Structures are given as structure tokens and as C-alpha cells.
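Peer 1: test case, fold it:
(one chain, ligands or ions: 1)
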Amino acid sequence: MRIALGSDHGGFEYKEIIKERLINAGYEIVDIGVLSNQAVDYPDIAVEVSNTVVAGDADCGILFCGTGIGMSIAANKVKGIRAALCTDTFSARMAKQHNNANIITLGARTLGIELAYEIITAYLSEEFLGDRHLRRVNKIDAIC
Ligand code: RB5
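Peer 2: Below is the predicted model of the structure:
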């Protein structure tokens with residue numbers, strides 16, 4: 001599985017730690033940046049990761065910022081993206097099972113690194129359940 005990773009300066013450290021763990025776990029990573037903790041505007045990274053996922057150059061995306069909020073707002077503006085801000089493992093599992101989220105966003109200033117990694121592994125280990133959830137997701141995708 002190929003995962004696009006992105007962060008702003010607020011999430012840079014977490015992105016680097018998670019990148020290393022995911023590579024060690026056997027995932028292929030497309031690192032969209034940032035490449036240092038120099039301040040950037042999170043929408044720029046959210047759009048790049050989103051475009052990478054929509055283009056099929058990654059199976060899903062993971063975005064980090066201070067809270068995860070700005071990244072989720074920005075990514076959800078991109079047609080075809082269903083980005084879920086996840087703050088717990090149950091939500092992360094549901095984001096995949098019920099919402100078929102193709103991006104999750106996390107807050108590096110709101111979560112510990114171990115919880116962040118657990119959230120990510122919970123999301124990555126689930127499958128979309130389809131059926132009635134597919135009908136609902138199709139309705140989301142038909143908006144705008
Ligand atoms: C950057 O200071 C901060 O606003 C950003 O990382 C994020 O939390 C936005 O939602």
C-alpha cells in the first residue's frame with residue numbers, strides 16, 4: 001500500500017516519526033513535505049496530498065498539522081477526497097469502515113505520538129464495508 005504523507009510545521013516532527021515507522025512496517029511512502037519545521041501554509045500541503053490521492057498516485061493520505069482541523073477542512077475541498085479528522089482509534093476504524101475516508105488528519109499538538117500511531121494503524125487495518133455505506137458515501141461524493 002502506498003501512502004501520501006504531509007504536514008505543516010506544526011506536524012513536521014510527527015510526520016517524520018510516523019514515516020519511519022510506516023516504512024519499517026512495509027508501507028510505501030510518498031512524502032509531500034514539509035521537509036523542515038520552517039513555517040508553511042497547511043492548505044498548500046493538504047491540496048498536494050489530496051491531488052496525489054485523487055490521481056491514484058497513493059492509496060490514501062495522512063496529514064498532520066497542529067490540531068488536524070485545518071488540514072481536514074482544506075483536504076475536504078478537493079473533489080473526491082473524504083478526509084476524517086481522527087482523535088481516537090474507534091473513529092479511525094469507522095472512518096474507513098463506514099465513510100471510506102481516503103485521508104485521515106491528525107493533530108500533533110493534541111495527540112501523543114503513540115496514540116497518533118495507534119490511530120493510523122487502526123485506520124490502515126480496516127476495510128470499507130460497502131453496502132448501505134456505499135450509498136451514503138456516493139451521496140457525499142455527489143455534493144457539488
Ligand atoms: C499552525 O500554527 C496551525 O494553525 C496549524 O498547524 C493547524 O493547527 C491548523 O489547523
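
Peer 1: helices along this structure, start to end?
Peer 2: Secondary structure of the chain by DSSP state H: the helices cover 12-24, 42-54, 69-75, 89-97, 113-124, 132-141.

Peer 1: what is the neighbour count of K139?
Peer 2: By other C-beta atoms under 10 Å, 9 other residues sit near K139. From N, CA and C alone the C-beta is placed, and that goes for glycine too.

Peer 1: ok, which of the helices of the chain comes nearest V30?
Peer 2: V30 sits nearest to helix 42-54 of all the helices of the chain, at 6.0 Å, using C-beta to C-beta.

Peer 1: of all the helices of the chain, which one comes closest to the ligand?
Peer 2: Taking C-beta to the nearest ligand atom, helix 69-75 is the member of the helices of the chain nearest to the ligand, at 2.5 Å.

Peer 1: what is that closest one packed up against?
Peer 2: helix 42-54, strand 60-65, strand 83-85, strand 103-107 (3 or more C-beta pairs under 8 Å, 6 or more residues apart in numbering; DSSP states H and E).

Peer 1: coming back round to it: in a markdown table, list the helices of the chain along with mean pLDDT and distance to the ligand.
Peer 2: Shown next, in a markdown table, are these (pLDDT from 0 to 100; distance: least, C-beta to the nearest ligand atom, whole Å):
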| stretch | mean pLDDT | distance to the ligand |
| --- | --- | --- |
| helix 12-24 | 98 | 10 |
| helix 42-54 | 98 | 5 |
| helix 69-75 | 98 | 2 |
| helix 89-97 | 98 | 18 |
| helix 113-124 | 98 | 14 |
| helix 132-141 | 97 | 22 |
